[in-house]
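**Q** Build the 3D model from these lines:
(one chain, ligands or ions: 1)
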Amino acid sequence: MKLFLDTANLDDIAALAPTGFVDGVTTNPSLIAKSGRDMTATIAEICAMVDGPVSAEVTATDAETMLAEGRKLAAIADNVCVKVPLTPAGLSTCKALADNGTMVNVTLCFSPAQAMLAAKAGARFISPFIGRLDDLGRDGMGLIEDIVTIYANYDFPTEVLVASVRGVQHVVDAALVGADVATVPPAVIHAMYKHPMTDAGLEAFLKDWKDTGQSIL
Ligand code: G3P
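**A** Numbering: from 1, shown residues only. Sure thing, here's the model as predicted:
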C-alpha cells in the first residue's frame, strides 16, 4: 500500500521525505490555510521534495472556474494531482482534466455511489473520508471495503486513497482491506514507528551489551 503524507507543512514533509516511504502528498484548503503560506509556492516546493503525486485542491464551486483553476494548478509541476470535490461540477471538471491527461483526486467521498461516479469520471484517485464517518458513528472502513469490491468487480483503474485517517489502526485496516493508498498525518506516521515492547527490548539489549564492556567501533 502506498503512503501519502496528509499535510502542507514543509518542515514535516522535509523530515519524512528522506525515509523513502513517502509516496505522495495530499493537501486541501484547510491544510494550506494551516500552513500560513501561499498555496502556489507551497505546492511547487512540495512537488520538488516528493516525486509522487501531490494533491492541490480547487476552491471554486462552478465547473468553468474549477477547470480554469485545475489547469493552473496542474501547470505548477508534472506531479501535481488536481483535487476536486465530489459534486456534479467537480466530476465534470474531473472528466475534462482526466481526458486531457491530468491526474485528478476526487475528494470528500462518503458513499459507494459517489465513488462509482468518480471512477466513471476518470478519477486517478478517490478519497473517502473514513475518520469523519467514524466521528458520526458510521463505518468508515466499511465504505473502503465496499469501494474496493465495486472497483474490483468492474476493473476500475481508480485508486482508493483512504483519507481522514485518525490513527495507526486506520492505516493497518486500510491495508488489510486492500486500499491502494492511505494519506496519513505526520503525527500518525511517527506513531507507526512506536511500540513499547520495541523500546523495552532495545533498552534491555543495550544494558546487556554495556555490561560486556565491548565496542563495535
Ligand atoms: O485529506 C483529507 C484530510 O485532510 C481530512 O482530514 O481530519 O479533517 O477529516 P480530517
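
**Q** all contacts plus neighbour counts: C-alpha atoms, from now on.
**A** OK.

**Q** Where does pLDDT dip in the chain?
**A** By pLDDT under 70, the chain has no low-scoring segment.

**Q** State the phi and psi torsions of K2.
**A** Dihedral angles of K2 (phi, psi; degrees, to the nearest 10) stand at phi -80, psi 150.

**Q** Please name the bridge partners of the closest residue in space to it that isn't next to it in sequence.
**A** Leaving aside its sequence neighbours, K2 sits nearest to V181 (CA to CA, 6 or more residues apart in numbering; 4.5 Å). Listed beta-bridge partners, V181: K2, L161 (assigned using DSSP bridges).

**Q** what sits against V181?
**A** Going by CA atoms under 8 Å, 6 or more residues apart in numbering, V181 touches 1-4, 159-162.

**Q** D6 too?
**A** D6 neighbours (CA under 8 Å, 6+ apart): 25-27, 183-186.

**Q** is it in a bridge, and if so with what?
**A** Beta bridges link D6 to T26, judged by DSSP bridges.

**Q** Tell me how far it lies from G122.
**A** Applying CA to CA, to the nearest Å, the value for D6 to G122 is 23 Å.

**Q** Contact residues of the protein facing the ligand?
**A** Contact residues, the chain versus the ligand (CA under 6 Å from any ligand atom): 6, 26, 131-132, 163-164.

**Q** Using PDB, write down the CA coordinates of the one helix or strand A48 maps to.
**A** Using DSSP states H and E, A48 falls within helix 39-49. Only the C-alpha atoms of helix 39-49 are listed here, as PDB (Å, rounded to 0.1, in the frame of the first residue of the first chain):
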ATOM      1  CA  MET A  39      -0.700  28.000  -2.000                       C
ATOM      2  CA  THR A  40       1.100  28.000  -5.400                       C
ATOM      3  CA  ALA A  41       4.600  28.400  -3.800                       C
ATOM      4  CA  THR A  42       3.800  25.700  -1.200                       C
ATOM      5  CA  ILE A  43       2.600  23.200  -3.800                       C
ATOM      6  CA  ALA A  44       5.700  24.000  -6.000                       C
ATOM      7  CA  GLU A  45       8.000  23.300  -3.000                       C
ATOM      8  CA  ILE A  46       6.300  20.100  -2.100                       C
ATOM      9  CA  CYS A  47       6.400  18.900  -5.700                       C
ATOM     10  CA  ALA A  48      10.200  19.500  -5.700                       C
ATOM     11  CA  MET A  49      10.600  17.500  -2.400                       C
END
